[in-house]
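Enquirer: Dropping the sequence and predicted coords here.
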Amino acid sequence: MSAFIRISHLSKVFALAEHGGGPVSLMGALRSGKREVVQREVRALDDVSFEIREGERVGIIGRNGAGKTTLLSILAGISDPTSGTIEAEGDIHAILTIGTVLREDATGRENIYIDGLFHGKSRAEIDDSVQEIIDFTELGEFIDRPVRTYSSGMKAKLAFALGSAIKPDILIIDETLSVGDAFFADKASRRMREIADRGRIVILVSHGLSSIVEMCDRCLWLDQGRLIMDGSPAEVTRAYQASVQQADEAEFKRKFEAGDPVVRRPDLGRLEHLGLIQRAEEIKATALAFEPLTFHLKGLVTGMSRSLDAHLRIVRVDGRTLWDDRLSSHGLVLPACGSFDIEVAFDPFILGANLFRIDAQLLDEAGPIDQISRAFEVIDEHGQHGGTPLLFYPPLIKTCSLKDV
Ligand SMILES: Nc1ncnc2c1ncn2[C@@H]1O[C@H](COP(=O)(O)OP(=O)(O)OP(=O)(O)O)[C@@H](O)[C@H]1O
């Protein structure tokens with residue numbers, strides 16, 4: 001008989017209830033007796049299908065909340081899918097959380113006996129294998145101390161030694177190895193290979209991508225409950241890493257677009273508009289490289305401030321400030337009270353293709369009064385200037401003028 005797992009169109013939906021205090025379980029919401037409970041569904045697994053054949057060591061990766069643990073608990077028979085089927089041949093042993101494997105008040109040795117008896121072994125059979133398990137754990141004299149006195153690494157070693165000693169047809173491990181030391185991880189990896197070499201199946205969930213590459217020969221990538229890649233560990237972990245990096249970049253861009261926070265003093269004045277003008281038109285988000293560009297700043301001064309000034313700054317998405325100047329240094333004097341309307345023109349345009357932000361700040365000698373930021377992208381229509389975007393010229397302001405308002 002050969003071990004295999006076949007999963008077809010597997011989905012798992014959790015019903016969550018929400019009221020003022022945020023999400024709670026449906027039972028919790030019913031118990032709390034609160035009205036206006038809105039039911040929401042979490043699709044932890046969404047139409048997942050794959051097959052694992054004998055001898056495969058399969059790693060499962062994905063960001064937090066991707067559905068990995070849900071998949072493992074269905075594979076381990078701890079929870080049922082909402083829809084879809086799972087067929088498995090062979091007895092399954094799962095180490096999902098160390099806490100559920102080990103009894104804290106019993107010693108390590110007692111845990112070996114309890115676990116063996118639980119898995120249907122006779123006392124004599126356990127007597128035969130106990131020393132081998134103890135040797136594998138490297139716990140030394142700790143084996144006769146209560147598990148509650150162990151470090152998390154020691155618990156991980158014992159849990160793994162127990163799980164793998166049972167010699168199951170299908171061994172499922174959730175993150176357990178990540179708390180062991182490098183030497184133990186190496187030994188555990190060899191043990192997993194032995195299990196797989198006997199024609200069995202090993203499934204490992206881990207956030208440690210290097211352990212997946214080292215220990216597995218196949219990798220599944222879950223994202224928001226869906227299986228999005230199935231292939232060699234090196235290939236899948238590379239693609240996963242690239243996607244995580246992109247998501248981080250997107251988060252960075254979102255923060256970048258919001259600008260730096262400043263303490264505002266609205267009683268003294270405010271900035272009302274920061275626009276970009278190119279080819280005599282106000283543009284929204286995209287400017288062309290190598291074309292003159294004008295910034296348009298409108299605002300209002302309502303209090304008596306001394307040394308009133310406007311400060312403009314251009315920042316590239318990587319955080320580098322490319323230009324930073326006060327308009328007073330170009331002879332521009334803001335009115336002491338009333339509206340202002342300023343145009344600042346650059347020629348030639350100084351920026352290469354990239355994402356930028358312009359920050360305009362109204363300030364006086366005591367500090368900022370108001371700030372307005374605007375992100376914009378510069379594109380090179382002709383694509384002649386690829387590579388790392390550069391600051392092409394020292395910025396030159398062509399005109400810096402105050403309009404009559
Ligand atoms: N019992 C539950 N009730 C409600 N929602 C749940 C339950 N268990 C999991 N979920 C939700 O299902 C989704 C998948 O969770 P799961 O724990 O499987 O992800 P994971 O990939 O193991 O994440 P992590 O890497 O953080 O352990 C998440 O959105 C999670 O909030």
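Expert: Great, that's in hand.
Enquirer: wait, Pro292 sits on Ala345?
Expert: Yes - with contact defined as CB atoms under 8 Å, Pro292 reaches Ala345; the gap is 6.4 Å. To be clear about C-beta, it is placed using only N, CA and C from the backbone, and glycine gets the same treatment.
Enquirer: now the helices for the protein?
Expert: Under the criterion DSSP state H, helices of the chain are mapped to 26-32, 68-75, 98-101, 108-118, 123-137, 152-165, 182-197, 209-215, 233-258.
Enquirer: Any residues of the chain in contact with the ligand? List them.
Expert: Counting by CB under 6 Å from any ligand atom, the chain comes close to the ligand at 14, 16, 42, 44, 62, 64-70.
Enquirer: Go again with 8 Å.
Expert: Listed as neighbours of the ligand in the chain under the rule CB under 8 Å from any ligand atom: 12, 14-16, 25, 42-45, 62-73, 174-175, 205, 207, 222, 225.
Enquirer: thought Leu96 was touching Ile172?
Expert: Yes - look at Leu96 against Ile172 with CB under 8 Å: they come within range, at 7.3 Å.
Enquirer: shared neighbours of the two, anything?
Expert: Shared contacts of Leu96 and Ile172, defined by CB atoms under 8 Å, 6 or more residues apart in numbering, are found at 72, 76.
Enquirer: if you count what's nearby, which of those two comes out ahead?
Expert: Neighbour comparison, Leu96 and Ile172: the larger count goes to Ile172, with 24 against 21 (by other CB atoms under 10 Å).
Enquirer: which ones are touching Ile277?
Expert: Each residue near Ile277 by CB under 8 Å, 6+ apart is listed here: 283, 293-296, 343.
Enquirer: which among these end up buried?
Expert: Listed as buried from these are 293-296, 343; burial here means 16 or more other CB atoms under 10 Å.
Enquirer: sorry, back to before: which ones among the residues of the chain next to the ligand map onto strands?
Expert: 12, 14-16, 25, 42-45, 174, 205, 222 (DSSP state E).
Enquirer: Buried by neighbour count, from the residues you listed: which ones?
Expert: 12, 16, 44-45, 174, 205, 222.
Enquirer: Tell me how far Ile143 lies from the ligand.
Expert: Applying CB to the nearest ligand atom, to the nearest Å, the value for Ile143 to the ligand is 30 Å.
Enquirer: tell me the contacts of that residue?
Expert: Ile143 makes contacts with 107-109, 134, 137, as judged by CB under 8 Å, 6+ apart.
Enquirer: about what we covered before: closest to Pro266 among the contacts of Ile277?
Expert: The closest of those to Pro266 turns out to be His296 (CB to CB; 21.6 Å).
Enquirer: The closest one - nearest residue in space that isn't next to it in sequence?
Expert: The shortest distance from His296 to any non-neighbouring residue, by CB to CB, 6 or more residues apart in numbering, is to Gly275 (4.0 Å).
Enquirer: Surely that neighbour is in contact with Ala287?
Expert: No - with contact defined as CB under 8 Å, Gly275 and Ala287 do not form a contacting pair (11.5 Å).
Enquirer: Comparing those two, which shows the higher neighbour count?
Expert: The residue with more neighbours, out of Gly275 and Ala287, is Ala287; 20 against 14, by other CB under 10 Å.
Enquirer: Now do that one against the ligand, distance only.
Expert: Going from Ala287 to the ligand by CB to the nearest ligand atom gives 40 Å.
Enquirer: partner residues bridging the closest residue in space to that residue that isn't next to it in sequence?
Expert: In this structure, Ala287 finds its nearest non-sequential neighbour in Val378, 5.0 Å apart by CB to CB, 6+ apart. Counting by DSSP bridges, Val378 forms beta bridges with Ala287, Asn354.
Enquirer: Wait, Val378 touches Phe290, no?
Expert: No - in this structure, Val378 is not within contact of Phe290 by CB under 8 Å, at 9.5 Å.
Enquirer: neighbour count winner among these two?
Expert: Neighbours were tallied for Val378 and for Phe290 using other CB under 10 Å; the higher tally belongs to Val378 (21 against 17).
Enquirer: So what's the residue count around Asp318?
Expert: For Asp318, using other CB under 10 Å, the count is 10.
Enquirer: Then Arg190?
Expert: 11.
Enquirer: same question, Asp230
Expert: By other CB under 10 Å, neighbour count at Asp230 equals 14.
Enquirer: do the one 3 residues further on as well
Expert: Here the number of neighbours of Pro233 (other CB under 10 Å) works out to 23.
Enquirer: Which pLDDT value belongs to Gln245?
Expert: You'll see Gln245 listed with a pLDDT of 80.
Enquirer: Quick check: it vs Thr237, distance?
Expert: Between Gln245 and Thr237 the computed distance is 13 Å (CB to CB, to the nearest Å).
Enquirer: measure the nearest residue to Arg279 once chain neighbours are set aside to the ligand for me?
Expert: Spatial nearest neighbour of Arg279, chain neighbours left out: Glu291 (6.8 Å); criterion: CB to CB, 6+ apart. Shown here: Glu291 relative to the ligand, a distance of 47 Å by CB to the nearest ligand atom.
Enquirer: what's the burial count for Glu291?
Expert: 13.
Enquirer: ditto for Val315
Expert: With other CB under 10 Å as criterion, Val315 counts 21.
Enquirer: quick one, what contacts it?
Expert: 256, 321-322, 356-359.
Enquirer: likewise Ala88?
Expert: 3-6, 75, 170 are the contacts of Ala88 under CB under 8 Å, 6+ apart.
Enquirer: do you know which of the helices of the chain lies nearest Val333?
Expert: Closest approach to Val333 among the helices of the chain (CB to CB): helix 233-258, 30.8 Å.
Enquirer: The closest one - contacts with which helices or strands?
Expert: On a contact count with 3 or more CB pairs under 8 Å, 6 or more residues apart in numbering; DSSP states H and E, helix 233-258 meets strand 57-61, helix 209-215, strand 218-223, strand 226-231, strand 354-364, strand 367-379.
Enquirer: Fine by me, thanks again.
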